[in-house]
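Q: Compute the structure for the input listed below.
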Amino acid sequence: MQGTLTEIVRAFFGAPVAVTGCSRTDSGVHADAFALTLRLPDGSLPVPPEKLPLALSPQMPPDLSLYEARAVGDGFHARYDARGKEYRYTILHAPVCNPFYAHRAWQVHHRFLPDALERMNEAAAHLVGTHDFSAFRAEGSPTHSPVRTVYACRVEKTDSRYTVCVEGDGFLYNMVRIITGTLLAVATGGISPDAIPRILESKNRTAAGATAPPDGLCLARVFYDAADFSKESRT
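A: Presented below is the predicted three-dimensional model:
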């Protein structure tokens, strides 16, 4: 995505443009509110920032859109000024696959317990707070610290669609996908909701559930403090 956008803005502005994203996403993962900055060599824009979405729209591929643009101070950084993110993971629980959800949901056919939603939310509540999430990160992840703060974690259900919603100050590699795989195991009875604290304490990746595939994961929101947009320098 970043490479495609870099080429589009380079062609539009007629000069190399530095593109800085708010985070990295795995292949197959989607983003509904990915934030990034564009830095032009001379710092000038041929059109007002708010006009960029319309100006760039004809050059965008079908799977990429620019929703909104604004001017920010030179000190703003899309990644390091992010105060948190919200991810949403879609599970479609149905006996047969739905082609309209292809590459947009994890379509599962497992037998769920009658109180699956309640069990999943009971388990999700144990993940809220500041914890060492070593058990919920991919093995071999180079992250310096496995400690993260989860502000909210819940599961919503609409018909046969379950949506895992997780908000936090940051996420380890595959963390949301492993949380989702663990909650699926809770829904089927493979893991008890009250086992989550023990899984966290174990710091052992094998204690948690499987890693959900990337297709159902979407970066839904990135949180910033409004004051950071106008920073003129980084301190």
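
Q: all contacts plus neighbour counts: C-alpha atoms, from now on.
A: Noted.

Q: pretty sure Y87 is in contact with V176, am I right?
A: Yes - taking CA atoms under 8 Å as the definition, Y87 is a contact partner of V176 at 7.5 Å.

Q: Check the contact lists of these two and give me the overlap.
A: Common neighbours of Y87 and V176 are listed as V166 (criterion: CA atoms under 8 Å, 6 or more residues apart in numbering).

Q: Can you give me the buried ones in the one helix or strand L200 maps to?
A: Element membership of L200, judged by DSSP states H and E, is helix 196-202. When burial is assessed from 16 or more other CA atoms under 10 Å, helix 196-202 yields the following buried residues: I196, I199, L200, S202.

Q: which residues touch A33?
A: A33 is in contact with L219, A220, R221, V222, counting by CA under 8 Å, 6+ apart.

Q: next one: R88
A: R88 touches T163, V164, C165, V166, L217, C218, L219, A220, counting by CA under 8 Å, 6+ apart.

Q: separation between A123 and L52?
A: Going from A123 to L52 by CA to CA, to the nearest Å gives 43 Å.

Q: With D42 as the reference, measure out to D169.
A: D169 sits 34 Å away from D42, going by CA to CA.

Q: So between these two, which is more surrounded?
A: Using other CA atoms under 10 Å, the more surrounded residue of D169 and D42 is D169, with 16 against 8.

Q: That one reaches V147, doesn't it?
A: No - here D169 lies out of contact with V147, judged by CA under 8 Å, at a distance of 10.2 Å.

Q: hang on, the earlier thing: from the contacts of A33, which land in helices?
A: Among those, DSSP state H puts none in helices.

Q: Of these, which is the most crowded?
A: V222 (22 neighbours).

Q: Now for the closest residue to it other than its chain neighbours, how many residues are close by?
A: Nearest residue to V222 in three dimensions, chain neighbours excluded: K85, at 4.5 Å (CA to CA, 6 or more residues apart in numbering). Using other CA under 10 Å, K85 is surrounded by 23 other residues.

Q: Find the helix or strand that K85 is a member of.
A: Going by DSSP H and E, K85 is part of strand 84-93.

Q: helix or strand right after that strand?
A: Using DSSP H and E, the helix or strand that follows strand 84-93 in sequence is strand 106-108.

Q: Give me the contact list for that next one.
A: Contacts of strand 106-108 (CA under 8 Å, 6+ apart): 90-95, 97-98, 101, 212-213, 215-216.

Q: So for A123 and L52, which sits in the more crowded spot?
A: For A123 versus L52, the count of surrounding residues by other CA under 10 Å is larger for A123: 26 against 17.

Q: what about the more buried one, is that helix, strand or coil?
A: helix (DSSP: H, G, I helix; E, B strand; the rest coil).

Q: Name all residues that make contact with the nearest residue to D228 once chain neighbours are set aside.
A: Nearest residue to D228 in three dimensions, chain neighbours excluded: F76, at 6.0 Å (CA to CA, 6+ apart). For F76, the contact set (CA under 8 Å, 6+ apart) comprises D228, F229, S230, K231, E232, S233, R234.

Q: Please identify which helix or strand holds F76.
A: Under DSSP H and E, no helix or strand contains F76.

Q: swap in Y151?
A: For Y151, the host element (DSSP H and E) is strand 147-158.

Q: what pairs with that strand, and is each one parallel or antiparallel?
A: Looking at strand 147-158 with DSSP bridges, its partner strands are strand 129-132 (antiparallel), strand 161-168 (antiparallel).
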